[in-house]
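Student: Next input, structure requested:
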Amino acid sequence: MNRDLTAANTQNDSDVNRDLTVGSPLVNVSNKEIVNITSFAAEKAKQLMQDRNLNDAALRIFVTPGGCAGYEYGMSIAETVEVSDKLIESEGLKIVVDNAAVPLISGMEIDYIDDIMKSGFTINNPNATASCKCGTSFQTAGNSGSPSSC
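Tutor: Okay, the predicted model is just below:
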């Protein structure tokens, strides 16, 4: 079931507040230890959303099997939240993480690099025991994933 990030409670389930604005009780600020984002990276993500007229969206962080090390990081702009997602707020940015990815990325830091050789989001994941040279593929000690050729 998808939940619109901007929707007010339109259903009759009184125990679930559908309002997913930053002040909503569904935005769990105490889960910042799952994903930490630098203020510079948060500003870049918010600017990307603003450029697309998606001011009420969130940054989705996900992990998929594959890549040369076993798992691959991914990011997208989320306009909806799945029931199986964690929705947190950090640096004024809403961040959505699928519950299944939490053990693989818990404690990760997202930064944004803008220099002469490289520009883009970078990830530092304390759970990664190995990664590929491109920095988007990793493996963990407990579960190495399913590596594939690059």
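Student: model confidence over the biggest helix by length in the chain, on average?
Tutor: When the chain is parsed with DSSP state H, its longest helix is helix 39-51. Averaging pLDDT along helix 39-51 gives 96.
Student: and after it, which helix or strand comes next?
Tutor: Counting by DSSP states H and E, the next helix or strand C-terminal to helix 39-51 is strand 58-66.
Student: who does that next one touch, helix- and strand-wise?
Tutor: strand 70-78, strand 93-98, helix 102-105 (3 or more Cβ pairs under 8 Å, 6 or more residues apart in numbering; DSSP states H and E). Heads up, the C-betas are built off the backbone N, CA and C, glycines and all.
Student: Between strand 93-98 and the first one, find me the angle.
Tutor: I take that to be strand 70-78. Angle of strand 70-78 versus strand 93-98, following axes from the mean of the first three to the mean of the last three Cα atoms, to 10 degrees, is 130 degrees.
Student: Quick check: neighbours of the helix or strand just after strand 70-78 in the sheet, parallel or antiparallel?
Tutor: Downstream of strand 70-78, the first helix or strand assigned by DSSP H and E is strand 80-82. In the sheet, strand 80-82 lines up against strand 2-4 (antiparallel) (DSSP bridges).
Student: following the partner strand, which helix or strand comes up?
Tutor: strand 35-37.
Student: Mind listing the strands that next one pairs with, and their directions?
Tutor: Strand 35-37 is paired, per DSSP bridges, with strand 108-114 (parallel).
Student: before we move on, the earlier item: buried deepest among the helices and strands packed on strand 58-66, which one?
Tutor: Highest mean neighbour count of the helices and strands packed on strand 58-66: strand 93-98, a mean of 22 (counted as mean count of other Cβ atoms under 10 Å).
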